[in-house]
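Asker: The sequence isn't on hand, but the structure is:
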């Protein structure tokens with residue numbers, strides 16, 4: 001094979017790889033619409049760059065992760081940022097929902113009032129919570145609520161700014177936020 005043929009093949013390979021890269025970047029992510037909805041509706045994901053659960057959540061969103069309403073809570077020295085201190089973020093990731101959450105009741109529901117100061121007898125979700133907050137567990141997921149949730153006809157209504165922590169699948173986040181898209 002002569003030099004000209006090698007250059008032609010090399011050039012063709014470069015064009016193919018650049019074309020594939022441009023095509024990949026131009027195609028929307030699977031969860032773009034959901035991530036945009038979460039952001040537009042005021043949902044916040046509080047996390048830390050060193051948090052493996054935060055990274056797993058972002059990985060679940062794939063290329064749509066860049067559209068998530070993410071708030072970094074860790075400084076480079078791993079101290080907490082002031083915004084997260086002000087919002088009483090104590091675990092990562094924490095999802096804050098600015099609108100009420102509607103959930104079907106499960107068989108293992110519990111609703112516990114948080115007391116101040118926090119003691120080991122309270123759910124861990126009460127740690128750092130204001131007195132008068134509640135921890136509601138529905139279908140094995142804990143929610144920290146700023147006031148008591150209501151149960152009517154087998155449906156829980158969680159108040160504005162209820163939170164949940166840990167890894168949450170994108171579809172579940174959509175349900176919690178009231179997303180009606182695909």
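Answerer: The structure has been received and is ready for your questions. Fair warning: this is a prediction, and the values are worked out from it, not measured in the lab.
Asker: is it true that residue 136 touches residue 156?
Answerer: Yes: using Cβ atoms under 8 Å as the test, residue 136 is close enough to residue 156 to be in contact (6.8 Å). Every residue, glycine included, has its C-beta placed from N, CA and C.
Asker: Need the residues touching each of these two.
Answerer: Among the neighbours of residue 136, those also in contact with residue 156 (Cβ atoms under 8 Å, 6 or more residues apart in numbering) are 109, 149.
Asker: residues near the residue lying closest to residue 49 once chain neighbours are set aside, how many?
Answerer: Spatial nearest neighbour of residue 49, chain neighbours left out: residue 74 (5.7 Å); criterion: Cβ to Cβ, 6 or more residues apart in numbering. Using other Cβ atoms under 10 Å, residue 74 has 17 neighbouring residues.
Asker: Got phi/psi on residue 74?
Answerer: phi -120, psi 130 (degrees, to the nearest 10).
Asker: for it, which residues make a bridge with it?
Answerer: Under the criterion DSSP bridges, residue 74 forms beta bridges with residue 80.
Asker: Spit out the contact partners of it.
Answerer: 48, 49, 50, 51, 80, 81.
Asker: ok, the third one - how many residues close by?
Answerer: Residue 50 has 10 neighbouring residues, counting by other Cβ under 10 Å.
Asker: That's all I had, so thanks and see you.
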